[in-house]
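J.: Give me a model of this one.
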Amino acid sequence: MLSSPSPCHYYTTVYTPRSSFFHRSDSNGGGFYFFKVSRIQTRASGEPTPELNPRNHNSKSMALLHHLLNESQSQPLNFKPEDLEHPRLSAEERVRLLELSLVRNRTPQFPGSVYVQSPSDADVASSLPPLKTLFRDGDFDEDNDQEMIMRAVEIRRKVTAEIFMEAMRKGKFGITYSSNLVSKLNDFIDYVMVEAASLKRLPEFSNSNFNVRAKTVIHDSNVVPLIRWLKHNSLSYPQIGKLICMSKGNLESIIRLANWLKSMHVKGRYIGLAMLKGGESVFERGSEELDEVFEYLERNGVRKEWTGYVLSRCPQLLSYSFEEIKTRVEFFLDMGMNDKDFGTMVFDYPRVLGYFTLTEMNEKVNYLKEFGLSIEEVGKLLAFKPELISCSIEKRWKPLVKYLYYHGISRDGMKRMLTIKPMVFCVDLETTIVPKVQFFKDIGIRDDTIGSMLVKFPPLLTYSLHKKIRPVVIFLMTRAGVSKRDIAKVIASGPELLGCSIVHKLDINMKYYLSLGIRLQQLGEMIADFPMLLRYNIDVLRPKYRYLRRTMVRPLEDVIEFPRFFSYSLEGRIIPRHKILVENRINMKLRYMLGTTDEEFEKKIQAIRERRQRFESAVVNDEFFNPDRDIDDDFTVEQTLIDMETEAE
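T.: Presented below is the predicted three-dimensional model:
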């Protein structure tokens, strides 16, 4: 043993034959010194003297070592019994020793290390200080010890994660996939860590270390085969990680629920989503309880083959009990829906049944009733467009109503818009409706006309401005002959044109009219007079035009003057009225022939008959008193009759 000359410090130098090191420790926690020796010499005094191994490349260190050895030989050794125990350590050293005591993998060691660096080594217990020395009563510090405990838990968590990744690699999973998945399994790693610690109480695991117990917990849980099964069913690793954590260790419930979803025709890629959105309570429910819920829905119109689609779009239904589902179904049935309407509504928009609270749905139904709709009409409206339930009253409906009222649309007009095209109340005001209204203003339509136009054709607000509305306007002005002066009139009086396909409707009709001999400018004027001219089917237009030219023997100018001719039924109006004119030897313009009701048409024909009779009676009387009239008077009579008919028109 060697001693130092200082009376305030005590050193202990220990020679370890295995490592050929002297270990010298400072009793005041000053640190450790290690001296390597090659052999032991015995002096006359009987004390062993280490013979230093010459090292020419480190002469300064060796000179200092010689000086320390010479001083230690000249001073007697004084030490206390407690100095033989493990010294008091600084905070950094305590953290380092804690890591060495708990880590799993072997860390790199420098040559000449005294402490064994891994618990897996055989002599770890003898080389490392016991963990109790890190929490001595004498130097108790609540904050530091709390930090040490949290540090120990964190180290155990990392060790458990490493053990789990090793089990994943044995299960033929790649390193990247294992690392990504473990990063999503924090709660399950904690569960394994707690279960492994609790196994210490069992007699068969009382003498086993933490690593063995953690491996046992992971193996018994069958989590690795479960991960492979979930991955085979198209679940991503974030979904798998969240599912395992949601199960709280009851991994069998995941398989049971996934098999039930498969039996309900839920596709593989939606199985994980349905389980995640269903909530933690769904793992505690049995298959019988879930079957009862969906059998009730099937009795009320939701077909069994629709169940997979409904669950895929609204997995929140899994979290509701039978009583809650029954209350929601009765909410819609009380509005007058039958089973067929309810079933198709749920299929069209599954979230209408399980995503919103009953309070929200009641508020929206009451708001829709303020437009003058009855509860039955609201039920029909929701059955036709259930997406209305998803719209916010404050953020969507109230701003839209205010905007429509500003453009002169009354409550009755809004009611008409709501019943004809309820989707208008589902679109965004700022991004969808306002730009379209501004476009109509830019082409010359007045504000008061815009309101009536929207009430007349509400689907206009649901069309795309850049893909539908603007291209049709450009087509009318460039290819259909509509002038810039008349385009506002065309759109205002015939907004339905904006819903027609350019390729399959407008262009075909335009080419047909031009093929009849109508010039482009004339066609533009015809469209300005009757915008719906471009909406008719060619198969309907062709027989009418053929009858006009061949049977009625009318010129093309009659159609150019009265383009509404194509809007009347050939069998119901054109042919019957033409026969009446032929029978009565009357000729009329198309506008007066077709543009009146049957009663007005009969009155007009009767008036022409009476005037003709009066005229013929006057002619007969004139012939009786003038028998020597000129032969050219017959032409005068006929011309007079034509003039009378024209005047009657």
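J.: before we move on, which element is residue 154 in?
T.: Using DSSP states H and E, residue 154 maps to helix 142-170.
J.: Can you give me the buried ones in the helix or strand just after that helix?
T.: Beyond helix 142-170 in the direction of the C-terminus, DSSP H and E gives the next helix or strand as helix 175-182. Across helix 175-182, burial judged by 16 or more other Cβ atoms under 10 Å covers 178, 181, 182. Using the backbone N, CA and C atoms, a C-beta is placed for each residue, glycine as well.
J.: Stretch 600-610 now?
T.: Of the residues in stretch 600-610, 601, 604, 605, 608 count as buried by neighbour count, 16+ other Cβ under 10 Å.
J.: Repeat that for stretch 289-302.
T.: Of all the residues in stretch 289-302, those buried under the rule 16+ other Cβ under 10 Å are 290, 293, 294, 297, 300, 301, 302.
J.: and which of those is nearest residue 532?
T.: Nearest to residue 532 out of the buried residues of stretch 289-302 is residue 301 (Cβ to Cβ; 39.5 Å).
J.: ok, how many other residues are close to the spatially closest residue to residue 567 that is not a sequence neighbour?
T.: Computed as Cβ to Cβ, 6 or more residues apart in numbering, the closest residue to residue 567 that is not its neighbour in sequence is residue 532, at 6.6 Å. Look at residue 532: counted by other Cβ atoms under 10 Å, it has 15 neighbours.
J.: and residue 532, helix, strand or coil?
T.: When classified by DSSP: H, G, I helix; E, B strand; the rest coil, residue 532 comes out as helix.
J.: Phi and psi next, for residue 236.
T.: Main-chain dihedrals, residue 236, degrees, to the nearest 10: phi -80, psi 160.
J.: Ok, residue 320 next?
T.: Taking degrees, to the nearest 10, you get phi -90, psi 140 for the backbone angles of residue 320.
J.: Now do it: how many residues are near it, please.
T.: Neighbours of residue 320 (other Cβ under 10 Å): 19.
J.: wait, it sits on residue 357?
T.: No: using Cβ atoms under 8 Å, residue 320 is not in contact with residue 357; the gap is 11.4 Å.
J.: What distance do you get for the residue lying closest to residue 246 once chain neighbours are set aside to residue 294?
T.: In space, and not counting its chain neighbours, residue 246 is closest to residue 280: 5.2 Å by Cβ to Cβ, 6+ apart. Distance of residue 280 to residue 294, given as Cβ to Cβ, to the nearest Å: 20 Å.
J.: so how far is residue 474 from the nearest residue to residue 277 once chain neighbours are set aside?
T.: Nearest non-adjacent residue to residue 277, counting by Cβ to Cβ, 6+ apart: residue 315, 3.8 Å away. Separation of residue 315 from residue 474 (Cβ to Cβ): 46 Å.
J.: Can you tell me which of the buried residues of stretch 289-302 is closest to residue 416?
T.: The closest of the buried residues of stretch 289-302 to residue 416 turns out to be residue 301 (Cβ to Cβ; 29.0 Å).
J.: Wait, a strand at the closest one?
T.: No: assignment of residue 301 by three-state DSSP gives coil, placing it outside any strand.
J.: Double-check it against residue 340; I have them as touching.
T.: Yes: judged on Cβ under 8 Å, residue 301 makes contact with residue 340 at a distance of 5.8 Å.
J.: tell me, what residue is most central in this structure?
T.: The centroid of the chain falls nearest to residue 313 when counting by Cα atoms, centre = their mean (10.4 Å).
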